[in-house]
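Build the 3D model from these lines:
(chains A and B)
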Amino acid sequence: MVKMEDIGARILAGDHQVQYGQNQRTKIKALVVDDNMINQALHRTLLRNLGIENHVVGNGREAVDVHCSGRRFDLILMDLDMPVMNGIEATKKLRAMGIQSTIAGVSSRSVDENIQEFWEAGLDDYQQKPLNFPKLVSILQKVNHSV
Amino acid sequence: MLGLGADRLRADMNRLLALLFHQGVLDEQFLQLQQLQDESSPNFVSEVVNIYFHESEKLLRNLRGLLMEKEFADYKKMGIHLNQFMGSSSSIGAKRVRNVCVAFRAASEQTNRAGCLRALELLEHEYCYLKNKLHELFQIEQQRALAAGVRYPMQN
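Now for the predicted structure:
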């Protein structure tokens, strides 16, 4: 099994040619959950540049619906403040559905009581926005995926 | 000789970027955007920044509309718009705009209407400055790309 930490170390050293999805059979799949179009574009491109297949939805309700349709992801990047259904509610619902994907909260908040509530909803990791390569690599090291 | 034009334009771009960093208008997140630009998405930065312009102008109109209401009291809605603006500004590295949003949000949380109005004017000013400078940067980049694409004539 290729260790995520080894791939991550290469990327942090500047090797952006490393791909997490070199083998189509074992390609990591990620779901971006964010209502902000700029963050959607940014997260999508960060993931794509690492060879990670990704899908984008605009709020927590759509994230739940896409799982209800049967799709599964290795990683979910979950924003906190979203209309219709926020990141806390969506995370709780996904965990109640038995979804065991790695869920990383990604929000502009730093220290705030809602972050604790976000963690308690079922996060595996949390990074403050804006997301960049080092932060994404740090998240990816938590993904439980065999390659 | 024509190749020197591209070099000069690149130097102009770097000077402008250095100025914007020095002024605190942009921060290193803008460099992160540039790192994401490659052959498969050669216009990534300008595309994302254009989305930012479109979204920001909508938010500024909404904020002004709210504050101009006679019986304005919806500070919660104002807070939502400001969070959006702050998030987008952080994501493209628009540091000064983001900082004004922070001050604006503080005034909003204190339900300080006069403070909000002052913050809105400052925000509109900072946004305008940022937009003009980024347009200037993209224009130089376009000219540089054109100049770099011109080849030296063959000499026999």
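
Please confirm that A:Gln126 is located within a helix.
Actually, residue A:126 is Tyr rather than Gln. No. Checked against DSSP: H, G, I helix; E, B strand; the rest coil, A:Tyr126 lies outside a helix; its state is strand.

That one contacts A:Trp119, correct?
Yes. A:Tyr126 lies in contact with A:Trp119 (C-beta atoms under 8 Å); the separation is 6.6 Å. In short, each C-beta sits where N, CA and C put it, glycine included.

Return every residue with contacts to both of the two.
Taking C-beta atoms under 8 Å, 6 or more residues apart in numbering or on different chains as the contact rule, A:Tyr126 and A:Trp119 both touch A:Gly105.

What segments of chain B are helices?
Secondary structure of chain B (DSSP state H): helices located at B:2-22, B:28-36, B:44-68, B:75-92, B:95-109, B:113-149.

quick check, distance from the least confident helix or strand in chain B by mean pLDDT to the centre of its chain.
Lowest by mean pLDDT, DSSP states H and E among the helices and strands of chain B is helix B:2-22, with a mean of 89. Offset of helix B:2-22 from its chain centre (C-alpha atoms, centre = their mean, to the nearest Å): 18 Å.

got the CA positions of that helix in CSV?
Extracted in CSV, the C-alpha atoms of helix B:2-22 (Å, rounded to 0.1, in the frame of the first residue of the first chain):
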residue,chain,number,x,y,z
LEU,B,2,10.5,41.5,-30.0
GLY,B,3,11.4,38.9,-27.4
LEU,B,4,12.7,41.7,-25.2
GLY,B,5,9.2,43.1,-25.2
ALA,B,6,7.9,40.0,-23.5
ASP,B,7,10.7,40.2,-20.9
ARG,B,8,10.0,43.9,-20.3
LEU,B,9,6.3,43.1,-19.8
ARG,B,10,7.1,40.2,-17.5
ALA,B,11,9.2,42.7,-15.4
ASP,B,12,6.2,45.1,-15.4
MET,B,13,3.9,42.3,-14.1
ASN,B,14,6.4,41.4,-11.4
ARG,B,15,6.7,45.0,-10.3
LEU,B,16,3.0,45.5,-10.1
LEU,B,17,2.5,42.2,-8.2
ALA,B,18,5.3,43.3,-5.8
LEU,B,19,3.6,46.6,-5.3
LEU,B,20,0.2,45.0,-4.6
PHE,B,21,1.9,42.6,-2.0
HIS,B,22,3.7,45.5,-0.4
